[in-house]
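Asker: Need coordinates for the following:
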Amino acid sequence: MGIIRFPSLTSKTKNFSKLQAVRSRNKLDVPKGYLAVYVGEIQKTRFVVPLSYLEHPLFQDLLRQSEEEFGFDHPMGGLTIRCQEVVFTNIISRLQIS
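Answerer: Numbering: from 1, shown residues only. Below is the predicted model:
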């Protein structure tokens, strides 16, 4: 299970190297101002995203879908969003732009 962080960086190169560095961190290491979520339909991948994403309508739609499916009982021990990773990363990339 990998960890992917989506910080707000201007350079894609910096963003990629930062993502690789976060993968090697302890799974319990979530920096202040960030939230860990588990994404995937079968295999879950852990993403660490900024709390500011919670205010965005696209991310709120994902949270509503998660609530409908899992309620408040998340089997991974953290917030679980059941969608394809590709869809999630696409949405996250849109949030970084706006």
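Asker: Now the element after the helix or strand of the chain with the lowest mean pLDDT, going C-ward?
Answerer: Ranked by mean pLDDT, DSSP states H and E, the helix or strand of the chain with the weakest confidence is helix 12-23, at a mean of 46. Using DSSP states H and E, the helix or strand that follows helix 12-23 towards the C-terminus is strand 34-39.
Asker: Just the CA trace of the helix or strand following that following strand, in PDB.
Answerer: Counting by DSSP H and E, the next helix or strand C-terminal to strand 34-39 is strand 45-50. Extracted in PDB, the C-alpha atoms of strand 45-50 (Å, rounded to 0.1, in the frame of the first residue of the first chain):
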ATOM      1  CA  THR A  45      -3.800   3.100  -1.800                       C
ATOM      2  CA  ARG A  46      -3.100   5.700   0.900                       C
ATOM      3  CA  PHE A  47      -3.100   9.300  -0.200                       C
ATOM      4  CA  VAL A  48      -2.200  12.300   2.000                       C
ATOM      5  CA  VAL A  49      -4.000  15.400   0.900                       C
ATOM      6  CA  PRO A  50      -4.300  19.000   2.200                       C
END
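Asker: Now do the phi/psi pair for residue 84.
Answerer: Backbone torsions of residue 84, given as degrees, to the nearest 10, read phi -70, psi 140.
Asker: residue contacts, the closest residue in space to it that isn't next to it in sequence?
Answerer: Using C-beta to C-beta, 6 or more residues apart in numbering and skipping the chain neighbours, the partner closest in space to residue 84 is residue 41 (6.2 Å). C-betas here are computed from N, CA, C, even on glycine. Contacts for residue 41 (C-beta atoms under 8 Å, 6 or more residues apart in numbering) come out as 82-84.
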